[in-house]
Each structure stands twice: as structure tokens, then as C-alpha cells.
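Engineer: Sequence and predicted structure are below.
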Amino acid sequence: MTPILAVLAAAAAGGFRLALPLLLVLILRREDGWEQVPILGQFSPAVTLGILTGWTIWELLAPTYSWGIRLVQPLQVLFSPLVGWILGVMAAQLLGIPPALWNGMGLVGGALALLLQLVQTGWLYRWGRFPAWVILVQDGLCSLLIVFALRAPQQGGLIALMLLWLALRASKDWQRQFQRHRRPQPPD
């Protein structure tokens, strides 16, 4: 059960940001097996570090402008399943899940990352723009989830399950609100 919780924690981090969790994985795993991280392990750590650092800064600064939100949000929705897959497979490898199950864990991770990213998109369109404190909480939670996935998977997995519950609850509330405000159809 612990490896599954680690996969959920890592994937949930990928549902908040794209580059920040990958950057933290690079920093935390630089000495002990960076080359085993799927896709990214094929590149030099120095090049990957530079690209991920730039992308992380761009993800943090661009949403402060209205044009930045319109650029960042679609990219995050598009690439969150890939980042969730990478993080899920990486957590599965790290915690000794058999190789036959790595892609399954990656799919679970990609689905969770996409779900969390879609819920954030719904909140973004509902609020119009995230306040600065929400962005800081997202970044802190993203960092915390990656550290927990690598160092304390049970706690990270429980946080990820709580986030999943909150995401499902928010989507159910939006569905109820949509149905309440939906205009009645005229009879034929």
C-alpha cells in the first residue's frame, strides 16, 4: 500500500505544477539514480536542471499577467498527464513496485494529475484569477508532496487522497450549481 500512496503523492504534485515537481526530483535524486527517471533521465542533469529551472520561474511569474494565465493554463492541462505519468513511474521504480506495474502506476498518476489540473482550471474560470496566497499554497503543497513521496510516502499519499476527495467534492458542487442555474427547456 505504501508504494501506491507514494505514486499518488508524486502525481498530485504534478497536478499543481509541471516543472517544479520534476525540478525537485532532479535535486533530490541527483546523486542516486537520476538516469532512472523516465524520459528525463535520458538527458544530462545540467541541461535538464537549466530547462526545469527556467520553466519553473516562467510558471510562477507568467500567471501574474492576464496573458500569462491564458498561456500557462492550457499547457498545464495538456502536459499534466505526462508529468503525472513520469512522477508515478518514478515513484513506482523507487519503492520497488514490479516493472510490469510501472505503466499502470504511471496511468494512475497521469489521471490524478489531470483531474487536479482540471479542477484548478474550473476554479480559475470561476474566480477569474488566483490570489497570490493561493499560488503560494499551491507551490508549497507541490513541494511538500514531492518530498513526502520520496521520503514519507504514507503521509504524502494521505494528503493526495484528501486532495482527490476535495476535487471530487468540488466537481459535484459545480454540477449541482450548474443544474440549479440551468434554464428549463420549453415543452414541445
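Structural biologist: Thanks, I have it. Residues are numbered from 1 along each chain as shown.

Engineer: so Leu112 touches Leu164, yeah?
Structural biologist: Yes: using CB atoms under 8 Å, Leu112 makes contact with Leu164 at a distance of 6.6 Å. For every residue, glycine as well, the C-beta is placed using N, CA and C.

Engineer: Tell me which of these two has more neighbours.
Structural biologist: Leu112 (28 against 18; other CB atoms under 10 Å).

Engineer: what's the neighbour count on Ala91?
Structural biologist: 30.

Engineer: The strand or helix carrying it - contacts with which helices or strands?
Structural biologist: Assigned by DSSP states H and E, Ala91 falls within helix 66-94. On a contact count with 3 or more CB pairs under 8 Å, 6 or more residues apart in numbering; DSSP states H and E, helix 66-94 meets helix 2-14, helix 19-28, helix 45-61, helix 102-127, helix 132-151.

Engineer: Next up, the contacts around Pro3.
Structural biologist: 91-92, 95-97, 105, 153 (CB atoms under 8 Å, 6 or more residues apart in numbering).

Engineer: Looking at the residues you listed, which is nearest Val72?
Structural biologist: Distances from Val72 to those, taken as CB to CB, are shortest for Ala91 (25.0 Å).

Engineer: how close does the closest one get to Leu5?
Structural biologist: 9 Å (CB to CB, to the nearest Å).

Engineer: same deal with Ala167?
Structural biologist: 17 Å.

Engineer: picking that back up, what angle sits between the helix holding Ala91 and helix 45-61?
Structural biologist: 140 degrees (axes from the mean of the first three to the mean of the last three CA atoms, to 10 degrees).
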